[in-house]
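>>> got a predicted structure plus its sequence, pasted below:
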Amino acid sequence: GESVGLHLPTLSVQEGDNSIINCAYSNSASDYFIWYKQESGKGPQFIIDIRSNMDKRQGQRVTVLLNKTVKHLSLQIAATQPGDSAVYFCADLLSSGAGSYQLTFGKGTKLSVIP
Amino acid sequence: NAGVMQNPRHLVRRRGQEARLRCSPMKGHSHVYWYRQLPEEGLKFMVYLQKENIIDESGMPKERFSAEFPKEGPSILRIQQVVRGDSAAYFCASSPLRSTEQQFFGPGTRLTVL
């Protein structure tokens, strides 16, 4: 089964508000997580990543929090803008053996920003 | 500095035909990954290739699907005798190093099987 999954399929926020997108994972061996943004008709775009030895990592307007105890991570977007409207995926990178690693994606949360 | 390129962007095939999807990795990248995305779903890993080698094909269906990454030219994902269930978006990603975290994705090929 999937290693990662998302709590909510859709999220609507007012422009200027903060957005929080959640993700749960099941594999305790997961030690590297990535958030991707996918706009309509485009490929996933890297947003931010975090390793399991960290609890928090910040980027430009985005913060990822990792709670290993409950196997949960979240993506926070500050001052959400219309351009943030997209589907957001969390993914983890796990060894599949034979010198290969696989990205495993959750189903995604669709973020809609209300102007 | 071109990113990952995929073509065609849209492909329509009738049941039983063959589909060929092409991926040109970013310049300097020798590792290519193929993913499939069904509507309203996340991406599913299919195969990981290096030049002239298939490293991990654990996500590939056992029949009708094949992939290659020749010494020269793009990586090709080939689907023989397509069925309606093959309709999906197929994404290619590339990386400069072995299975590095930084995989850069192409725009995808949307395959529709009639």
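Perfect, I can see it now.
>>> what parts of chain A come near chain B?
With C-beta under 8 Å from any C-beta of the partner chain as the criterion, chain A meets chain B at residues A:2, A:9, A:32, A:34, A:41-46, A:49, A:89, A:91, A:93, A:96, A:98-108. C-beta: built from backbone N, CA, C; applies to glycine.
>>> number of nearby residues for residue A:31?
15 (other C-beta atoms under 10 Å in any protein chain shown).
>>> confidence score at it?
What the model reports as pLDDT for residue A:31 is 84.
>>> try residue A:110
93.
>>> so it sits against residue A:10, correct?
Yes - in this structure, residue A:110 is within contact of residue A:10 by C-beta atoms under 8 Å, at 4.8 Å.
>>> neighbour count winner among those two?
Remark: of residue A:110 and residue A:10, residue A:110 carries more neighbours, 17 against 10, as counted by other C-beta under 10 Å.
>>> which of the three states applies to that one?
With DSSP: H, G, I helix; E, B strand; the rest coil as the basis, residue A:110 sits in strand.
>>> next up, the contacts around it.
A:9, A:10, A:11, A:86, A:87, A:88 (C-beta atoms under 8 Å, 6 or more residues apart in numbering or on different chains).
>>> of these, which is the most crowded?
residue A:88 leads the contacts of residue A:110 on contacts (other C-beta under 10 Å) with 23 neighbours.
>>> secondary structure element holding that one?
Using DSSP states H and E, residue A:88 sits in strand A:86-97.
>>> so in that sheet, which strands flank that strand, and in what orientation?
Looking at strand A:86-97 with DSSP bridges, its partner strands are strand A:32-38 (antiparallel), strand A:100-105 (antiparallel), strand A:109-114 (antiparallel).
>>> dump the ones you listed to CSV, plus distance to residue B:96.
Putting the strands paired with strand A:86-97 into CSV (distance: least, C-beta to C-beta, whole Å) gives the following:
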stretch, distance to residue B:96
strand A:32-38, 16
strand A:100-105, 14
strand A:109-114, 30
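>>> which of these sits closest to residue B:81?
Relative to residue B:81, the nearest member of these by C-beta to C-beta is strand A:100-105, separated by 26.7 Å.
>>> list of residues touching the closest one?
In this structure, residues lying in contact with strand A:100-105 by C-beta under 8 Å, 6+ apart are A:2-4, A:34, A:36, A:89-96, B:33, B:35, B:42-45, B:48, B:55-56, B:58-59, B:99, B:103.
>>> show the buried residues in those.
A:3-4, A:34, A:36, A:89-94, A:96, B:33, B:35, B:42-45, B:48, B:55-56, B:59, B:99, B:103 (16 or more other C-beta atoms under 10 Å in any protein chain shown).
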